[in-house]
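Enquirer: could you look at this predicted model? Sequence included:
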Amino acid sequence: MDHVNGSLNRKLKMGLVGGGQGSFIGRVHNIAAILDNRAELVAGALSSTPEKSRASAPFYDISPERAYGSYEEMLDQELKRPEGDRIDFVTVATPNHMHFPVAKAAAERGFNVVCDKPLTLDLAEAEELARIVEAQKIVFAVTHNYTGYPLVRQAREMIQAGDLGEIQAVRASYIQGWLRTKLEDSDQKQAAWRTDPRKSGAAGAFGDIATHAYNLVRYTTGLLPAQVSCTLKTFEPGRKLDDYGLAVIQFQNGGLGTVTASQISHGRENDLSIEIDGTLASISWRQEEPNHMLVRRNGEPWQVYTRNPGAPYQTPLATASSRLPAGHPEAFFEAFANVYRFAYDAMIRRAAGESFEMRETIYPNVYDGIDGMNFIQQCVASSHENSAWLPLSHAACRK
């Protein structure tokens, strides 16, 4: 592979699996991946049938010869191309049940992987995938994209620096309303697979959006989980998976956390929020207003931190995650792109034969994916056992 002093003298080449016509997240991946002009989408297996896959290719400007009928065909044919011309990484933007087979096949062939969350359909698949990633020594990123917001990373660095003191309580929630009615009975593609246990997994709202809230807790605070008590509820009659739930988490440092998820709250869109209470200060942040973060201390005026790469209060990681001057809003696409941006650095080091970090990364990795799958499994099990307290620690959890 062509490189100069550890840097490629070309763009990274992307192969997309999933994201065919009617997909929201495939287009998001495409935009995020190329936002910084460091990669180009050159190949794809975009749908579940060869006909649909090839019909979707023009929407991504994928040439006919690299518009493949299946992900297996894409991986095998791309391997036959010379290094520098073949794809460097595979993005998995399929429904949940296809994450594992696609990511496994790509990893076994030595391709880097960027995979949607939740990582797999169950915990055992996630653990197997991690073993393959370790054996192949590839870069593996999971698109918990909310970790890419500059002020989320600001909060992370402030907590690591001790600005909040000891973290004692965390409240995270992700509230939506789009599944208030049984939308899955219509032809709505996104609702149909997300409410189908065969395609979504053991959880509905908790697998889809509570995993984001939980990951945000883990990413910002660094707290290690000890045990969880969870109650899941299906309010819409006839729905097969949960559409509301609440988890209470005990952390190893003695702190407490709550994670709430709803997809049946009228008028709510993508209201992901987190509040973090430390002994010295508290922080609150909302995804729908991502360029502002509140910092509170008793007896002092509230501080509103704005995303401002030119300000002395903004931490180095938050500044490195910003693209625009203060006052120009950065949001979902840019945050998503930050996962790619920092994973690309590792891909380039790998291409140059240099060492790269696989566990303690700025971007969410395969171990964070295992952490999320363990959270889903234990929450579902706890709910089935009348909200019993169950262990939540896992060897994969980052410290």
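Expert: Structure received.

Enquirer: low-scoring pLDDT stretches of the stretch 1-150 of the chain, where are they?
Expert: Scanning the stretch 1-150 of the chain with the threshold set as pLDDT under 70 gives 1-6.

Enquirer: now do the strands in it.
Expert: With DSSP state E, counting those that start in this stretch as the criterion, the stretch 1-150 of the chain has strands at 12-18, 39-45, 89-93, 112-115, 140-142.

Enquirer: show me where the stretch 51-200 of the chain has helices.
Expert: With DSSP state H, counting those that start in this stretch as the criterion, the stretch 51-200 of the chain has helices at 71-80, 99-108, 123-136, 150-160, 189-194, 197-200.

Enquirer: what is the last one packed up against?
Expert: What that stands for is helix 197-200. On a contact count with 3 or more C-beta pairs under 8 Å, 6 or more residues apart in numbering; DSSP states H and E, helix 197-200 meets helix 189-194. Any C-beta I mention is one placed from the backbone N, CA and C, and that applies to glycine too.

Enquirer: ok, and what's touching the helix it packs on?
Expert: Applying C-beta atoms under 8 Å, 6 or more residues apart in numbering, the contact partners of helix 189-194 are 22-24, 95-96, 178-179, 183-184, 199-200, 204, 208, 241.

Enquirer: hmm, 7 Å instead?
Expert: Contact with helix 189-194 is made by 22, 24, 95, 179, 183, 184, 199, 200, 204, 208, as judged by C-beta atoms under 7 Å, 6 or more residues apart in numbering.

Enquirer: just the C-alpha atoms of that helix, please, in CSV.
Expert: Output of helix 189-194 as CSV, limited to C-alpha atoms (Å, rounded to 0.1, in the frame of the first residue of the first chain):
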residue,chain,number,x,y,z
LYS,A,189,-38.8,0.0,6.3
GLN,A,190,-37.1,1.4,9.4
ALA,A,191,-39.9,0.4,11.7
ALA,A,192,-40.3,-3.0,10.3
TRP,A,193,-36.9,-4.4,11.0
ARG,A,194,-36.3,-2.5,14.2
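
Enquirer: buried ones in it?
Expert: Residues of helix 189-194 classed as buried by neighbour count (16 or more other C-beta atoms under 10 Å): 190, 191, 192, 193, 194.

Enquirer: closest to residue 104 out of these?
Expert: Residue 104 has its nearest neighbour among those in residue 193, at 19.9 Å by C-beta to C-beta.

Enquirer: okay, that closest one: pLDDT?
Expert: Looking at residue 193, its pLDDT stands at 92.

Enquirer: for the buried residues of helix 189-194, which one is nearest residue 82?
Expert: Comparing the buried residues of helix 189-194 against residue 82 with C-beta to C-beta places residue 193 closest, at 37.1 Å.

Enquirer: centroid residue for this protein?
Expert: Geometric centre of the chain, nearest residue: residue 144, 1.5 Å, by C-alpha atoms, centre = their mean.

Enquirer: and it, how close does it get to residue 293?
Expert: Residue 144 is 18 Å from residue 293, where distance means C-beta to C-beta, to the nearest Å.

Enquirer: can you check residue 82 too?
Expert: Noted for residue 82: a distance of 47 Å to residue 293, by C-beta to C-beta.

Enquirer: check residue 185 too.
Expert: Using C-beta to C-beta, residue 185 is found at 40 Å from residue 293.

Enquirer: more neighbours: which of those two?
Expert: residue 293 (24 against 12; other C-beta atoms under 10 Å).

Enquirer: and that one, that's in a strand?
Expert: Yes - the assignment for residue 293 (DSSP: H, G, I helix; E, B strand; the rest coil) places it in a strand.

Enquirer: and the pLDDT at it?
Expert: On the pLDDT scale, residue 293 gets 98.

Enquirer: go on, the one 4 residues further on?
Expert: We note a pLDDT of 98 for residue 297 in this prediction.

Enquirer: how close does it sit to residue 285?
Expert: 16 Å.

Enquirer: looking at the two, which is more packed in?
Expert: Between residue 297 and residue 285, residue 285 has the larger neighbour count (other C-beta under 10 Å), namely 25 against 13.

Enquirer: hmm, the more buried one is touching residue 274, no?
Expert: Yes - look at residue 285 against residue 274 with C-beta atoms under 7 Å: they come within range, at 5.6 Å.

Enquirer: wait, doesn't residue 100 sit right on residue 125?
Expert: Yes - contact criterion C-beta under 7 Å: residue 100 and residue 125 qualify, at 4.3 Å.

Enquirer: the stretch 251-399 of the chain: strands as residue ranges?
Expert: Counting by DSSP E, counting those that start in this stretch, the stretch 251-399 of the chain has strands at residues 256-262, 271-278, 282-286, 292-296, 303-306, 390-391.
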